[in-house]
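J.: This is the structure alone, sequence omitted:
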């Protein structure tokens, strides 16, 4: 029998003692002793080599397994940020709910329980909370007049805010500034007889000088079919209430219509009219708006931009809608730019314009005038004294279910300063809060999300190869803008932008009017310029993001690049589930039912093969039906109206998760958060859901269903994860569980 020698045997040590014959004899008597390599048989030598090889392999295997185990089981993160965020995640959960039965309630039940709706708010969630935090920072910056080295624009932002905060002066002036404005515009029937024939002049004045859009809206933007040119565009305008539905379904919306009429009557009384005259006049306005609502095209019927785009010349507007003197109107609105009757114009509401022209021609001129003046009054309410704001608050209590509150004046003033001088205020905000490397980190994340989306295109089985190649090229060409536009960090460039905006001390109403005039001049100036790719539609402190199809760009302001969407000290699972899904959402807008109609250069044209267009419509019909089956307070969602945002939500989640898995493949598994008892894959989905935790009044929910192109928060979570195989896999959901339906909608 073969006996293995050990390396620790003392008899193997080298010695100079020669063995005696007796020793040798004894050894032979007890069996064969150790033999040299040459004396071993072939089989013995092969076995020894094999044993040595196996030993070495085992040694290295154990090392490899140890390293792999460490990477795949990296332990628990016990840093302070991990402990804090783990506590927040746990606090938002409701463990009594099965995540496979109702994931929104599982992820957000605790948050909803611990976050009653704040006073004066109709809705509340992480977006609102972060905006409140950003506003507090902006308040400090606007009130800190001891800061040195400010640009003129930044000083003007502080002066604008200070004038807004001067309540003593605002109360002293009362309704006077607005009454003077109305008189300068030609007056109205509220305070005396009115028999003027000045419809065209009033229309031009309120449109050009007061930022109002009665009957229709006119603006300058990129030509959808020629993205390197700006062009005049005409579309239908909004109504006094948030949607046409409020006027048309009078039984269901009676309380809103009554509250609206009472609000208008109160405004009339505050502006000098009697109760009786005001009610008569305002009822005529509501009736007129109801007629306007009847001819207004619902938004869900306007989603195919190829169908509603009509390019004509300015002179053709006279034929389309003869009730308006178009050339004098356009000349005033876009002054000082010189126009002629061959000026190209894009009309997005051709049928509406024809009908509104007929309506203007057949309506009493006094009613038309009262309606236009009321549009101005509504716009000015928030910049007048407390009596006007209290009247508006009473209306909002009914309209949105908000409880009366003592909202600090500074919040209104910060928000309005952001609207008027947002890039000057944004410069202060960025310098105070935004770490420069955050921009680079976010840009790297965008690249990872973009890679994930492009890679997923390989597996889209309903799209032909040619269209798929063009789609990949479009995704690669998306221009990313993160944090803030560069010009705001250059004081000279910033001052140049706001050079034409005069701000005066202590006269808030006058400053707002100056802003309207400044904004109109900026708009007119764009008409003769090539679209500026670095021009932003959101200010840096904004807690939001957007995709612009005519520029094929996605924009992520500094305001949203913070917790709960992103933190450099958080696990990547939370960052990909938060800001990563936001990035994926905006990127996917390039391929939703509207964005897909634009090519990589931002031009509206047919770049898909017909077979892929039909397949796309078939795939998206699944989502239309899925979301239309959801309801809130027994009111069904409109899956057609919310289709674009639902496509973006689903595509964003998928791209962000794939990017996260790819990050793990390159960097290894992260440590898990303490006390959660969750894998990081589960944490990704929980992080995504908790961004959408929210509370909302029934009235606000009703308004959202009617007007918002986004689904309510609950269904942004449930609808999206119900279509995710990865979610069900990581939460172990059984087949046909509510969150794991057999039939899933699949697009990108």
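T.: Right, received. Where do you want to start? Just so it is clear, the structure is predicted and the values come from calculations on it, not from any experiment.
J.: hmm, which helix or strand of the protein has the shakiest average pLDDT?
T.: The helix or strand of the chain with the poorest confidence is helix 21-30; it has a mean of 34 (mean pLDDT, DSSP states H and E).
J.: And residue 2, what's its pLDDT?
T.: Predicted confidence (pLDDT) for residue 2: 34.
J.: er, residue 249 actually
T.: Reported pLDDT for residue 249: 89.
J.: Strands along the protein, start to end?
T.: 123-124, 216-223, 226-236, 310-313, 344-347, 479-483, 546-548, 553-557, 631-632, 635-636, 695-696 (DSSP state E).
J.: Measure how buried residue 317 is and give me the count.
T.: The local packing of residue 317 (other C-beta atoms under 10 Å) involves 25 other residues. All C-beta spots, glycine's among them, are computed from the backbone N, C-alpha and C.
J.: any idea how far it lies from residue 547?
T.: 31 Å (C-beta to C-beta, to the nearest Å).
J.: What of residue 503?
T.: Using C-beta to C-beta, residue 503 is found at 33 Å from residue 547.
J.: which parts of stretch 145-162 are buried?
T.: For stretch 145-162, burial by neighbour count (16 or more other C-beta atoms under 10 Å) applies to 150, 151, 152, 153, 154, 156, 157, 158, 159, 160, 161, 162.
J.: Hmm, the fourth one is touching residue 495, no?
T.: Yes - taking C-beta atoms under 8 Å as the contact criterion, residue 153 and residue 495 are neighbours in contact, 5.2 Å apart.
J.: coming back round to it: wait, which of the buried residues of stretch 145-162 is closest to residue 527?
T.: residue 153 (23.6 Å; C-beta to C-beta).
J.: how about the strands of the chain, which one is nearest residue 378?
T.: Nearest to residue 378, of all these, is strand 216-223, at 15.1 Å by C-beta to C-beta.
J.: Can you list the strands that the closest one pairs with?
T.: Each strand paired with strand 216-223, and its direction, by DSSP bridges: strand 226-236 (antiparallel).
J.: Centre of the chain to the strand it pairs with, how far?
T.: 24 Å (C-alpha atoms, centre = their mean, to the nearest Å).
J.: what's the answer for stretch 115-132, then?
T.: Chain-centre distance of stretch 115-132: 17 Å, with C-alpha atoms, centre = their mean.
J.: Start and end of it, how far apart?
T.: By C-alpha to C-alpha, to the nearest Å, the extent of stretch 115-132 from end to end equals 15 Å.
J.: So for that stretch, what gets flagged as buried?
T.: 115, 117-118, 120-127, 129-131.
J.: Confidence-wise, which of those residues comes last?
T.: Confidence-wise, residue 120 trails the rest of those, at 86.
J.: so what's that one closest to, chain neighbours aside?
T.: Nearest non-adjacent residue to residue 120, counting by C-beta to C-beta, 6 or more residues apart in numbering: residue 405, 2.9 Å away.
J.: if I pick that neighbour, what's in contact with it?
T.: Residue 405 sits next to 118, 119, 120, 121 when contact means C-beta atoms under 8 Å, 6 or more residues apart in numbering.
J.: follow-up on the earlier one: could the strands of the chain be laid out in JSON lines, adding distance to residue 707?
T.: Formatted as JSON lines, these follow (distance: least, C-beta to C-beta, whole Å):
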{"stretch": "strand 123-124", "distance to residue 707": "13"}
{"stretch": "strand 216-223", "distance to residue 707": "16"}
{"stretch": "strand 226-236", "distance to residue 707": "15"}
{"stretch": "strand 310-313", "distance to residue 707": "25"}
{"stretch": "strand 344-347", "distance to residue 707": "23"}
{"stretch": "strand 479-483", "distance to residue 707": "27"}
{"stretch": "strand 546-548", "distance to residue 707": "18"}
{"stretch": "strand 553-557", "distance to residue 707": "23"}
{"stretch": "strand 631-632", "distance to residue 707": "14"}
{"stretch": "strand 635-636", "distance to residue 707": "13"}
{"stretch": "strand 695-696", "distance to residue 707": "13"}
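J.: what ranges do the helices span in the stretch 451-600 of the chain?
T.: Assigned by DSSP state H, counting those that start in this stretch, the stretch 451-600 of the chain shows helices spanning 465-477, 491-497, 508-526, 572-575, 581-588.
J.: can you pull the buried residues of the second one?
T.: By neighbour count with 16+ other C-beta under 10 Å, helix 491-497 contains the buried residues 491, 494, 495, 497.
J.: So residue 587 sits against residue 451, correct?
T.: No - contact criterion C-beta under 8 Å: residue 587 and residue 451 do not qualify, at 10.8 Å.
J.: So the two - more neighbours on which side?
T.: Neighbours were counted for residue 587 and for residue 451 using other C-beta under 10 Å; residue 587 has more, 27 against 16.
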